[in-house]
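Student: Sequence and predicted structure below; questions after.
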Amino acid sequence: METAVPLPAWKRAVLKVGSNLIAPERRRLSTRHLLAIARFIADARAQGREIVLVSSGAVAAGRALLGEGEAQGIPAKQALAALGQPRMLEAWARLFDFPCAQVLLGYDDLQNRRRFVNAKNTLRELLRLQALPIVNENDSVAVDELRLGDNDNLAAHVAVLVEADLLLILSDIDALYDADPRRVPTARRIARVAQVDEATLALAGGAGSAVGTGGMLTKLQAAAKATARGIATVIANGRDAAALDALARGACPGTLFDAAGSQVSAKDHWMRHALASQGRIVVDAGAARALRARGASLLPAGVREASGAFRAGDAVEVCEEGASGALAKGIAQYDAGELMRIAGRSSGDIAAILGYEGPETVIHRDDLVLL
Ligand code: GLU
């Protein structure tokens with residue numbers, strides 16, 4: 001348990017704080033655990049580092065405000081989030097002598113390229129102004145099926161958005177273990193994970209796993225997302241002053257997930273993980289080969305079929321005729337209906353067929369990722 005894994009050097013971190021630290025009794029809002037975390041944040045900033053805080057606890061704070069029992073149903077929870085969000089923000093802001101900024105994001109903001117870029121610009125500007133951005137999901141307006149739903153995954157997206165070099169997930173658990181430490185006395189902390197794979201995910205409650213609770217799965221999903229984007233990730237206990245001290249000294253007291261290669265661009269990551277496909281384009285073998293081998297753009301000539309009611313600007317899957325599974329994902333330049341009309345034709349014919357000069361490509365290579 002004593003192995004001290006050094007943290008990689010970092011300049012900008014996204015720090016995620018879970019509801020359990022903010023409302024330990026699931027009701028009452030408490031600053032008990034926040035103080036030590038706030039000190040960690042202030043010290044890091046004093047050393048010239050940048051922090052973006054992703055804080056949960058809006059619902060818990062709302063419940064505390066009303067003295068309510070369990071909220072029933074989505075509208076009730078959304079109302080509690082609306083009531084509690086300012087309280088949660090205030091709880092943090094009180095602890096700092098620099099300005100705090102509230103940023104509420106939703107799934108749409110990550111999915112829509114324009115909103116993604118706007119959010120990115122806002123966060124960048126807040127950091128430039130040396131404010132502390134405090135991010136949460138925009139729970140009170142999020143539609144259930146289009147929610148991120150958990151702040152671990154949100155924090156990973158934010159880490160990508162701000163191009164952080166570290167994602168720190170603080171909760172009330174110490175680390176990832178090889179078995180459920182509450183049930184298996186010999187459970188051992190996993191100090192370091194080189195790559196988050198199926199076996200790692202299984203530790204968090206996949207089939208047959210012992211560790212089924214505590215939100216470890218979403219933390220591992222977040223670690224998988226962030227590390228794939230070149231962002232080292234740490235899971236540590238934010239209630240434990242010694243753990244926070246260790247982090248401040250550059251040691252990882254919990255589990256460190258090593259960053260994978262950092263080549264994947266933010267856009268690439270966004271297309272792979274945040275962007276939901278709205279349809280499918282089936283291409284012929286020649287086009288499939290060109291996409292795979294040459295990183296080419298997709299031209300109308302190679303398109304066989306378009307399905308789904310996608311619009312220009314939507315993400316679509318690209319599949320090879322007769323093959324199962326998608327070969328690429330990208331942003332369509334045409335609506336499905338238009339695409340059906342120009343499918344199989346040369347780019348030079350587009351204007352004559354559609355009656356206007358459209359883009360030459362169906363998906364531009366810059367907007368395409370191979371899967
Ligand atoms: N956004 C939720 C809240 O502030 C919490 C989601 C989570 O903890 O993962 O209450």
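Tutor: Structure's in. What do you need? Please read all numbers here as calculations on a predicted model, not as lab measurements.
Student: Quick one: residues contacting residue 268.
Tutor: By C-beta atoms under 8 Å, 6 or more residues apart in numbering, the contact set of residue 268 is residue 369. The way it works is simple: take the backbone N, C-alpha and C, and place the C-beta from them, glycine included.
Student: after the helix or strand harbouring it, next one along is what?
Tutor: If you go by DSSP states H and E, residue 268 is part of helix 266-269. Following helix 266-269 in sequence order, the next helix or strand is strand 277-283 (DSSP H and E).
Student: The following helix or strand past that next one vs strand 277-283, what angle?
Tutor: The first helix or strand that comes after strand 277-283 along the chain, using DSSP H and E, is helix 285-294. Here helix 285-294 runs at an angle of 110 degrees relative to strand 277-283 (axes from the mean of the first three to the mean of the last three C-alpha atoms, to 10 degrees).
Student: Check residue 265 and give its pLDDT.
Tutor: According to the prediction, residue 265 has pLDDT 63.
Student: Just give the nearest non-adjacent residue to the residue of the stretch 251-371 of the chain found nearest the ligand, would you?
Tutor: Using C-beta to the nearest ligand atom, the closest approach of the stretch 251-371 of the chain to the ligand is made by residue 274 at 16.6 Å. Among residues not flanking residue 274 along the chain, residue 110 sits closest, at 4.2 Å (C-beta to C-beta, 6 or more residues apart in numbering).
Student: quick one: contacts for the one you found?
Tutor: So residue 110 contacts 116, 119, 148, 157, 161, 270, 274 (C-beta under 8 Å, 6+ apart).
Student: rerun that using 10 Å as the cut-off
Tutor: 116, 119, 148, 153-154, 157-158, 160-161, 270, 273-275 (C-beta atoms under 10 Å, 6 or more residues apart in numbering).
Student: Okay, and the beta partners of the closest residue to residue 15 other than its chain neighbours?
Tutor: Nearest non-adjacent residue to residue 15, counting by C-beta to C-beta, 6+ apart: residue 168, 4.6 Å away. Residues in a beta bridge with residue 168, per DSSP bridges, are residue 15, residue 234.
Student: list the contacts for residue 168?
Tutor: 7, 10, 13-17, 37, 40, 44, 51, 53-54, 155, 159, 232-236, 238, 244, 247, 252, 254.
Student: Sort out for me which of those residues are in strands.
Tutor: Judged by DSSP state E, the contacts of residue 168 include 13-17, 51, 53-54, 232-236, 252 as members of strands.
Student: In JSON lines: those residues, plus distance to residue 355.
Tutor: Output for those, formatted as JSON lines (distance: C-beta to C-beta, whole Å):
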{"residue": "13", "distance to residue 355": "52"}
{"residue": "14", "distance to residue 355": "48"}
{"residue": "15", "distance to residue 355": "53"}
{"residue": "16", "distance to residue 355": "51"}
{"residue": "17", "distance to residue 355": "55"}
{"residue": "51", "distance to residue 355": "53"}
{"residue": "53", "distance to residue 355": "52"}
{"residue": "54", "distance to residue 355": "48"}
{"residue": "232", "distance to residue 355": "52"}
{"residue": "233", "distance to residue 355": "51"}
{"residue": "234", "distance to residue 355": "56"}
{"residue": "235", "distance to residue 355": "56"}
{"residue": "236", "distance to residue 355": "60"}
{"residue": "252", "distance to residue 355": "61"}
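Student: Kindly give a single ChimeraX line that selects the buried subset of those residues.
Tutor: Burial among the ones in strands among the contacts of residue 168 is assessed by 16 or more other C-beta atoms under 10 Å; the matching ChimeraX selection reads:
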select :13,14,15,16,17,51,53,54,232,233,234,235,236,252
